[in-house]
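A.B. asks: Have a look; sequence and predicted model below, questions after that.
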Amino acid sequence: MRRFFFAVLFVLVTLTAMAGNPVAQGDSIQNLSNKFLERFNRFIKVRDTLFAKSVLSDWSEEIPNDPELYVAWFSYYYNASMKEDAIISKRPSQNPNDSNAEMKDSTGAVVGYLVTKRFFTPSGAANAIDAISKGVELYPSRLDMRILKIIMLGNVADWSRYADEIIALYKLNREKRYEWTLSGGAQYSGAEEYLSQVIEEWENTLFRMDVNGANMRRVAEAILESEPKSVSALNFMAISYLKEKEYSKALQWLKKADKISPNNAMVLQNMALTYKLLGDRKNYAAYDAKAKSAQNQQ
């Protein structure tokens, strides 16, 4: 997730240089927009936020409704508000925004980790979210803007709004309300497969980082309303209850998933774990064996 997190920021901001703005803006405005974007990227890539903001001020005066301007403002506030701190830890960080470097002794054994923790100032993060929210409001078909908003909400651990935005995006995609576009108005034909994968990543982030299972459960429930046989969503429903140590409820959802996909290694592994947590050694052993068999068949 971390690699996606940083890649998406620069890839989506710089795509405008390769794809034209909507035709309605006209060639001259498109060229001017591209020039502003090129100047902005030159400064923001070296974290020179002072000159980057100067470009944005000029850009805002010349083309105030340019969709790429909202993405650029987001990028500016993101970079301006991001801070880093390095610590030595016995265990790697589970935060997807952090990086972990192994520390080894003379024998090559890992003895610890140098963890670079990334965090954001509250005011800067709020400005980034506000900037991209305005962009989404004006250009609701821009998939990249919606993704950046979700990612930033995760960065500041606002898990309730994070889940809200995931659910909204999922429903919009199911309703096929928009022809999804990226930077420069370029059509994105691979949205269906991409969103299926990334929503699973976001659910995993909620599992690792949120304090309880309520928000990941809300996302899974929204998916099951449209896709009642989604094994992934059924599995996440179960995991949300495992996270809260409600093992019997988790098992109910896993049984539903197992009925739909009886040889699913992920589901079988979670069933084995759940039986173990319930103290049911017999079923634990049976489903552990089934899970290993399913893995060997993959």
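C.D. replies: Alright, I've got the coordinates.
A.B. asks: Show me where this protein has its helices.
C.D. replies: With DSSP state H as the criterion, the chain has helices at 2-14, 27-44, 49-62, 67-81, 122-138, 143-155, 159-175, 191-209, 214-226, 231-243, 247-260, 265-278, 281-297.
A.B. asks: could you redo those as TSV and give each row distance to Pro96 and mean pLDDT?
C.D. replies: Bear in mind the C-beta positions are built from the backbone N, C-alpha and C, glycine included. Below are the helices of the chain laid out as TSV (distance: least, C-beta to C-beta, whole Å; pLDDT from 0 to 100):
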stretch	distance to Pro96	mean pLDDT
helix 2-14	5	41
helix 27-44	22	90
helix 49-62	24	95
helix 67-81	15	95
helix 122-138	16	97
helix 143-155	8	95
helix 159-175	12	96
helix 191-209	6	94
helix 214-226	15	97
helix 231-243	17	97
helix 247-260	24	97
helix 265-278	20	97
helix 281-297	25	94
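A.B. asks: Save the ones you listed as CSV, and put in mean neighbour count too.
C.D. replies: Formatted as CSV, those follow (neighbours: other C-beta atoms under 10 Å):
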stretch, mean neighbour count
helix 2-14, 15
helix 27-44, 18
helix 49-62, 16
helix 67-81, 24
helix 122-138, 18
helix 143-155, 24
helix 159-175, 18
helix 191-209, 17
helix 214-226, 19
helix 231-243, 23
helix 247-260, 19
helix 265-278, 20
helix 281-297, 14
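A.B. asks: And these: which comes nearest Asn100?
C.D. replies: Ranking these by proximity to Asn100 (C-beta to C-beta) places helix 2-14 first, at 9.8 Å.
A.B. asks: re the thing from before, dump the helices of the chain into a markdown table; add distance to Pro92 as well.
C.D. replies: Output for these, formatted as a markdown table (distance: least, C-beta to C-beta, whole Å):
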| stretch | distance to Pro92 |
| --- | --- |
| helix 2-14 | 12 |
| helix 27-44 | 29 |
| helix 49-62 | 30 |
| helix 67-81 | 24 |
| helix 122-138 | 24 |
| helix 143-155 | 19 |
| helix 159-175 | 22 |
| helix 191-209 | 12 |
| helix 214-226 | 22 |
| helix 231-243 | 20 |
| helix 247-260 | 27 |
| helix 265-278 | 22 |
| helix 281-297 | 24 |
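A.B. asks: just so I know, which of those helices lies nearest Ala101?
C.D. replies: Closest to Ala101 of those is helix 2-14 (C-beta to C-beta; 13.3 Å).
A.B. asks: Distance-wise, check the closest residue to Ile260 other than its chain neighbours relative to Leu195.
C.D. replies: In space, and not counting its chain neighbours, Ile260 is closest to Lys229: 5.3 Å by C-beta to C-beta, 6 or more residues apart in numbering. As judged by C-beta to C-beta, to the nearest Å, Lys229 and Leu195 stand 18 Å apart.
A.B. asks: Equivalent analysis for Glu179, please.
C.D. replies: 14 Å.
A.B. asks: cool, and Leu242?
C.D. replies: According to C-beta to C-beta, Leu242 stands 25 Å off from Leu195.
A.B. asks: Format the CA atom coordinates belonging to stretch 94-110 as CSV.
C.D. replies: Extracted in CSV, the C-alpha atoms of stretch 94-110 (Å, rounded to 0.1, in the frame of the first residue of the first chain):
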residue,chain,number,x,y,z
GLN,A,94,2.7,-1.8,10.5
ASN,A,95,1.8,1.6,9.4
PRO,A,96,1.6,1.6,5.5
ASN,A,97,3.0,5.2,5.4
ASP,A,98,6.2,4.2,7.3
SER,A,99,9.4,2.6,5.9
ASN,A,100,11.4,-0.1,7.6
ALA,A,101,15.1,-0.7,7.2
GLU,A,102,16.6,-3.8,8.7
MET,A,103,19.5,-3.5,11.1
LYS,A,104,21.8,-6.6,11.1
ASP,A,105,24.6,-7.8,13.4
SER,A,106,28.0,-9.1,12.2
THR,A,107,26.4,-12.5,11.5
GLY,A,108,23.8,-11.1,9.2
ALA,A,109,20.9,-11.7,11.7
VAL,A,110,18.3,-9.0,11.9
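A.B. asks: Buried residues of that stretch, list them for me.
C.D. replies: For stretch 94-110, the buried set under the neighbour-count rule, 16 or more other C-beta atoms under 10 Å, comprises 95-100.
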